[in-house]
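K.L.:
Here is a sequence with its predicted model. Questions after.
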Amino acid sequence: MNTFIQTIEHAENIAVTGHIRPDGDCIGSCLGVYNYIKDNYPRKKVTVYLEPMAPEFRFLNGYDQVKHKTDDSIYDLFIVLDCSDETRIEPFADLFKRAKESFCVDHHISNRGFCDDFMIDSGVSATCELLYQLFDEDKISFACAECLYTGIVHDTGVFKHSNTTRETMYIAGNLIAKGINTSHIIDDTFYRKTYLQNVIMGYALLESSLVMDGKIIYSFITKKWMDLYGVTGADLNGIIDQLRVTEGVEVAILGYEMNNLEFKVSMRSNDYVDVSKVASYFGGGGHIRAAGCTMKGNSLDVINNLLRHIESQLKLEEQNERDH
Ligand code: 5GP
Ligand code: MN
């Protein structure tokens, strides 16, 4: 038995959380662990804490039970999933600090291990993929399988990003064997857009700019515009993917103004730029091909700072190509 399951078996009162602004892998991981514990250890108490989640995930079992506010509980075990550093559990940091023990399961290359114990594997596509490996396959229920499959679908961009391996597909296959409705999960949680979400995607693509010989594409969405249309950060999913597949592009950048003069930045790369390195420099993190950070200033300041760091990696690659 692995140390994650051992640690769960030794605890009675367990809390689970992910990261701020929870995405598909984060929600799938937290509810996956929630269902696994509920199904196999019915005497244990398990509570999930996450910021409000997008409504398309409401079919996952346990969605309605998730707490969005912290409280004064003291847990035997605090499980942190899909979260690369302590600052990203911010709303529930007090619960984390008070807990008797903490355990982190994650796949971010930037994770330095901030819990008492951890399992971090940056070689897996999603935290949900790693959880599948830690769970006993026979004990994964239909409800748990739906959660894990959802997480893998989201972090692989529906099995198309370079993090999708033979093992990812094998695990997805085993989850399908549990009887889940895959096309419902993929369409309803990943591809379906509201009219407003489509409008803002159109706007972001229209406003995008190509720089550095077309190797970098970026687009910034101001708070004024988001307020005008009543959209939030969660409505911007999918835009960065469309920017990334623009012909000739190596790096795609999408920024949206969270607060006045403060931008949430997403970055994706295709072949050689390590965007996790760039994001880490600005206090963020992520993976080599997908990373993010928060930056202060106007959009011009933000893009200029980012371009300087990306340009040095592009130049290095050009030099390597010349040398070979
Ligand atoms: P996204 O661009 O979809 O928000 O995030 C891409 C990846 O980078 C995700 O794995 C996400 O967890 C990570 N990431 C995004 N923003 C931040 C951040 O501000 N800090 C850290 N540590 N990771 C981030
Ligand atoms: Mn993830």
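P.N.:
Received, thanks. Ligands and ions are numbered 1, 2, ... in the order given.
K.L.:
how many other residues sit next to the residue nearest to Ile221 when sequence neighbours are not counted?
P.N.:
With sequence-adjacent residues excluded and distances taken as CB to CB, 6 or more residues apart in numbering, Ile221 is closest to Tyr256, at 4.4 Å. (C-beta placed from N, C-alpha, C; glycine too.) Residues within reach of Tyr256, counting by other CB atoms under 10 Å, total 24.
K.L.:
and what of Arg98?
P.N.:
13.
K.L.:
Quick check on it: phi, psi?
P.N.:
phi -80, psi -20 (degrees, to the nearest 10).
K.L.:
In contact with it, which residues?
P.N.:
73-75 (CB atoms under 8 Å, 6 or more residues apart in numbering).
K.L.:
Considering these, which is situated nearest to Cys104?
P.N.:
For those, the closest approach to Cys104 (CB to CB) belongs to Tyr75, at 14.4 Å.
K.L.:
Can you get me a residue count around the closest one?
P.N.:
23.
K.L.:
In terms of helices and strands, where is it?
P.N.:
Using DSSP states H and E, Tyr75 is not contained in any helix or strand.
K.L.:
go on, the one 5 residues further on?
P.N.:
Val80 is part of strand 77-81 when elements are defined by DSSP H and E.
K.L.:
Can you confirm whether that strand lies near ligand 1?
P.N.:
No - residues of strand 77-81 are not located near ligand 1 by CB under 6 Å from any ligand atom, the shortest gap being 11.2 Å.
K.L.:
and that strand, what does it pack onto?
P.N.:
helix 3-10, strand 13-17, helix 24-40, helix 93-98, strand 102-106 (3 or more CB pairs under 8 Å, 6 or more residues apart in numbering; DSSP states H and E).
K.L.:
again, only this time at 6 Å
P.N.:
Contacts defined by 3 or more CB pairs under 6 Å, 6 or more residues apart in numbering; DSSP states H and E place strand 77-81 against strand 13-17, strand 102-106.
K.L.:
Including distance to Ser299 and mean pLDDT, could these go into CSV?
P.N.:
As requested, the helices and strands packed on strand 77-81 are exported to CSV (distance: least, CB to CB, whole Å; pLDDT from 0 to 100):
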stretch, distance to Ser299, mean pLDDT
strand 13-17, 32, 98
strand 102-106, 31, 98
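K.L.:
so which of those gets nearest ligand 1?
P.N.:
strand 102-106 (9.2 Å; CB to the nearest ligand atom).
K.L.:
who in the stretch 51-200 of the chain is up against ligand 1?
P.N.:
So far as CB under 6 Å from any ligand atom goes, the stretch 51-200 of the chain lies against ligand 1 at 84-85, 88, 108, 110.
K.L.:
What ranges does the stretch 51-200 of the chain have for its helices?
P.N.:
93-98, 127-134, 142-155, 166-176, 182-186, 195-206 (DSSP state H, counting those that start in this stretch).
K.L.:
I'd like the ones you listed written out as TSV, with distance to Gln6 and mean pLDDT added.
P.N.:
Listed next are the helices of the stretch 51-200 of the chain as TSV, based on distance: least, CB to CB, whole Å; pLDDT from 0 to 100:
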stretch	distance to Gln6	mean pLDDT
helix 93-98	20	97
helix 127-134	11	98
helix 142-155	19	98
helix 166-176	22	98
helix 182-186	31	98
helix 195-206	43	96
